[in-house]
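**Student:** whatever this is, show me its structure:
(2 chains)
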There are 2 protein chains.
Amino acid sequence: MTDCKFANDAEVIDFARTHSGVFQAGANLGVEEIGDGNINFVYRVYADDGTSVIIKQALHYIRIIGEGWPLSQDRIRIEAEALQQEALYCPDLVPRVYHFDAARSAIVMEDIGAHENLRHALIARTHLPLLAEHLGRFAADTLFHTSDLYLDAHRKKELVGRFINPDLCKITEDLFFWDPYCDHERNNINPLLWDEAEALWQDAPLKLEVARLKHRFLTCAQALLHGDLHSGSVFACAEGTKVIDPEFAYFGPMGFDVGSVLGNLLLNVAGQAELPGDAAERAAYQAWLLETIAGFWNTFAGRFGALMEEKTQDPSLDLALYRDAFLAELLADSIGYAGTEMIRRTLGLAHVADLDAIEDPQRRALAESRVLHLGRAMIMQRGEFGSIETLVAFVRDH
Amino acid sequence: MTDCKFANDAEVIDFARTHSGVFQAGANLGVEEIGDGNINFVYRVYADDGTSVIIKQALHYIRIIGEGWPLSQDRIRIEAEALQQEALYCPDLVPRVYHFDAARSAIVMEDIGAHENLRHALIARTHLPLLAEHLGRFAADTLFHTSDLYLDAHRKKELVGRFINPDLCKITEDLFFWDPYCDHERNNINPLLWDEAEALWQDAPLKLEVARLKHRFLTCAQALLHGDLHSGSVFACAEGTKVIDPEFAYFGPMGFDVGSVLGNLLLNVAGQAELPGDAAERAAYQAWLLETIAGFWNTFAGRFGALMEEKTQDPSLDLALYRDAFLAELLADSIGYAGTEMIRRTLGLAHVADLDAIEDPQRRALAESRVLHLGRAMIMQRGEFGSIETLVAFVRDH
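**Tutor:** Here you go, the predicted model:
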């Protein structure tokens, strides 16, 4: 598996032709490398008639670093199988997998070229009327149908075994739950925020709550998560939404996925306060983002609750009181994990363009500081909000 | 694997001679079948000089039922590997494994013949001065060292995969968390308790809390549990304790193991109120049991807390506040799971001799009713006790 890298364009084209089944016989094919991620190689193979496919290949190291940072190639099998699981329940919201090739460590999949990276769309203040409904349905359907609420006990445990994903989980365990809470060499901190960072490293009550959330991330195998559901893993346009890149998939706490969506939308809310552009337009977009946050959760919770009511297989979990309790706990978890996403995107290694695009360091520090305070409050008070509307009002007042 | 049953005594003897390494060359060996369990075959092979070993064999069905109830033979591999894991941390408290034979689906292990089944010892009101310390240390050392507090992230996940145990978990999922809460054909209910059982089946707040505990059992992979730590899995004498039969081992919530010990000791407390024998002696034994319960938890919590302080590998979990919070949550979990053990031993399929040995149905119903009420209160109020002394005082007042 270690020498599976394509030697030249002809090999990529041949691979696409053999394994996709979408090209006309004898079609003239071209190839371009399009990966803007850091970890894998991504190619687009296209014909003159507009037909195209994507090939994603995982080597045994991180692309931008090289052989010095090895990473299990099992991640690409996990990504292929996660896409296939997701497609069982929301086929319209994920790229179709044409073929997974273990020898090449590569997936041949649908080209979602018409969709734009959600993070770029949000920074450009694009209104996406279907986003809340699509992401809410994606989270509800993928999480419910891979949980003990739906799967029988044997199938669930078999899937837990197939999605054991230590290399990728370790990245999250470190980058979300450790680095930002100490003076770690991997951190990337705006010098103007240094005093706040130092205060946070001494914040024992916060570190206690982060430890609880980390331990849940480590132990709580509720459902097959996407595992990396930030704005850069979502591609959207006016008509549709595609969720890509589930290579971090594993069985974990549902609130981690839901919280990733909430946290990333809130990062954009905070960024809009200081990004360039017309103030009224930015304020209107912040209002749209907050509506989208409420719409996302309400779609999710409505759909998840309905699925629990209709399809819970285990009679001992099929109780009205339990449905309410489950969703209340899930909201609290989600708000807490959203808070960890917000803090790690401010102090940790991997920043987001929603904040980094603020060029003036002072204004950026202002936005980052708001993110830190909001993230901390969300972690500490996660059990007290009780509804998404209360959270949205809290953010608005913040 | 399905035709691995020993055909005759000579085969058992030959197997023991080949795989134990404890017998003198040419020693004259005898064999007896000693299994009093329901599921497997257990043989004792012995020499004239007193040397002996135990052979435990798992067939592809349940022993007392036959081929009509199939059960994965993987359980015996899991038992062997669990015994080996436990032996890493408390070798004095488990039988030594000489050999595991996948082809025969059998373990050759140390004979712990000098120890008595704890349930029989408790019914006979035997004082066991080392029991609390031994069981507390067993639980603390096995649970801590197989958790994310101690293992590195890769090793923990590898072990989770090795101990996926769906067949045996399903038995617990059904018998603990479903059957007793409905009118299930597998239940075994004293007719004098029927009204109470019917009331319990309508008890929505209780069923909500049991659903929460069941979902934790299904999803919360905190540590490698013994998984069946009732009094019949413990053998004890004045000098020592051996914990056997970890075929239900899997990664689950630590409180399930701790609660199994608490629940079984409390079942004996309730039984002693109505068992035959001198009233003062029974009362004194109840007092000893309550001391043992407190001693067990305090040994466990003291040892577990010390291990957390000395050996927690993950710096983000190595916090004084987190240690206290972790043990507080673990006590609450343990009290809740103890409550489910007490209820299922009263209404469910598998009763315990601590209660069933009360011959008069009226007196037995009295003891069973106390168990039901206490179990319910422990489940409902599990987060409110805060200390083992409060639980013991609550039991004493009950």
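**Student:** got the domain boundaries for chain A?
**Tutor:** Per the record, chain A has its domains at A:9-110, A:116-397, by automatic domain parsing.
**Student:** ok, which of those domains comes nearest B:H226?
**Tutor:** Across these, B:H226 has its closest neighbour in domain A:116-397 (17.5 Å, C-beta to C-beta). For glycine as for every other residue, the C-beta is placed from the backbone atoms N, C-alpha and C.
**Student:** quick check: A:E310 vs A:A106, distance?
**Tutor:** 38 Å (C-beta to C-beta, to the nearest Å).
**Student:** please name whichever of the domains of chain A is nearest to B:A58.
**Tutor:** The closest of the domains of chain A to B:A58 is domain A:116-397. By C-beta to C-beta, the value is 18.2 Å.
**Student:** of A:E310 and A:A106, which one has the most company?
**Tutor:** Set side by side, A:E310 and A:A106 show more neighbours around A:A106, with 29 against 8, by other C-beta atoms under 10 Å in any protein chain shown.
**Student:** dump the residue contacts of the closest residue to the more buried one other than its chain neighbours.
**Tutor:** Using C-beta to C-beta, 6 or more residues apart in numbering or on different chains and skipping the chain neighbours, the partner closest in space to A:A106 is A:Q57 (4.2 Å). By C-beta atoms under 8 Å, 6 or more residues apart in numbering or on different chains, A:Q57 lies in contact with A:C4, A:K5, A:F6, A:N40, A:F41, A:V42, A:Y43, A:I76, A:R104, A:S105, A:A106.
**Student:** so can I have TSV of the residues you listed showing pLDDT and secondary structure?
**Tutor:** Formatted as TSV, the contacts of A:Q57 follow (pLDDT from 0 to 100; DSSP: H, G, I helix; E, B strand; the rest coil):
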residue	pLDDT	secondary structure
A:C4	86	coil
A:K5	90	coil
A:F6	93	coil
A:N40	90	coil
A:F41	91	strand
A:V42	94	strand
A:Y43	95	strand
A:I76	96	helix
A:R104	94	coil
A:S105	95	coil
A:A106	96	strand
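**Student:** now for the residues you listed: which two are most distant?
**Tutor:** Between all members of the contacts of A:Q57, the farthest pair (by C-beta to C-beta) comes out as A:C4 and A:V42, at 14.9 Å.
**Student:** which one of these two is surrounded by more residues?
**Tutor:** A:V42 (19 against 16).
**Student:** residue contacts, the more buried one?
**Tutor:** Taking C-beta under 8 Å, 6+ apart, we find A:V42 in contact with A:E33, A:I34, A:G35, A:I54, A:I55, A:K56, A:Q57.
**Student:** centre of the chain to the host helix or strand of A:N264, how far?
**Tutor:** Following DSSP states H and E, one finds A:N264 within helix A:254-272. Relative to the centre of its chain, helix A:254-272 is centred 9 Å away, using C-alpha atoms, centre = their mean, to the nearest Å.
**Student:** pLDDT on that helix, on average?
**Tutor:** Averaging pLDDT along helix A:254-272 yields 98.
**Student:** packing partners for whichever helix or strand comes after that helix?
**Tutor:** Next helix or strand after helix A:254-272 toward the C-terminus (DSSP H and E): helix A:279-311. Contacts defined by 3 or more C-beta pairs under 8 Å, 6 or more residues apart in numbering or on different chains; DSSP states H and E place helix A:279-311 against helix A:131-145, helix A:254-272, helix A:320-347, helix A:388-397.
**Student:** just want the angle from the last one to helix A:254-272.
**Tutor:** So that's helix A:388-397. 30 degrees (axes from the mean of the first three to the mean of the last three C-alpha atoms, to 10 degrees).
**Student:** over to the third one?
**Tutor:** With the same axes, to 10 degrees applied, the angle from helix A:320-347 to helix A:254-272 works out at 50 degrees.
**Student:** list the buried residues of helix A:320-347.
**Tutor:** A:322-323, A:325-327, A:329-347 (16 or more other C-beta atoms under 10 Å in any protein chain shown).
**Student:** which residues touch the helix or strand following it?
**Tutor:** Tracing the chain C-terminally past helix A:320-347 and defining elements by DSSP H and E, one meets helix A:353-356 next. Outside helix A:353-356, the residues that touch it by C-beta under 8 Å, 6+ apart are A:119-120, A:122-123, A:231, A:264, A:267-268, A:270-271, A:345-346, A:364, A:367-368, A:371.
**Student:** give me that answer again for 6 Å
**Tutor:** For helix A:353-356, contacts defined as C-beta atoms under 6 Å, 6 or more residues apart in numbering or on different chains pick out A:R119, A:I123, A:L267, A:N268, A:G271, A:A367, A:E368.
**Student:** with stretch A:367-387 instead?
**Tutor:** So stretch A:367-387 is contacted by A:190, A:193, A:196, A:206, A:209, A:270-271, A:273-274, A:332, A:335-336, A:338-339, A:342-343, A:346, A:355, A:358, A:391, A:398 (C-beta under 6 Å, 6+ apart).
**Student:** neighbours of A:D397, just the number please.
**Tutor:** 6.
**Student:** what does A:A7 give?
**Tutor:** 8.
**Student:** can you classify it as helix, strand or coil?
**Tutor:** Recorded secondary structure, A:A7: coil (DSSP: H, G, I helix; E, B strand; the rest coil).
**Student:** contact partners for it?
**Tutor:** The contact partners of A:A7, taken as C-beta under 6 Å, 6+ apart, number zero.
**Student:** stretch A:132-149 near chain B at all?
**Tutor:** Yes. Under the criterion of C-beta under 6 Å from any C-beta of the partner chain, chain B is reached by stretch A:132-149 at A:D148.
**Student:** spell out which parts of chain A neighbour chain B.
**Tutor:** Residues of chain A found near chain B (C-beta under 6 Å from any C-beta) are A:148, A:153-154, A:157, A:161, A:164, A:166, A:170, A:177-178, A:204, A:207-208, A:211, A:214, A:218-222, A:316-317, A:319, A:321-322.
**Student:** okay, now the unreliable bits of chain A?
**Tutor:** Filtered on pLDDT under 70, chain A yields the residue ranges A:1-3, A:36-37.
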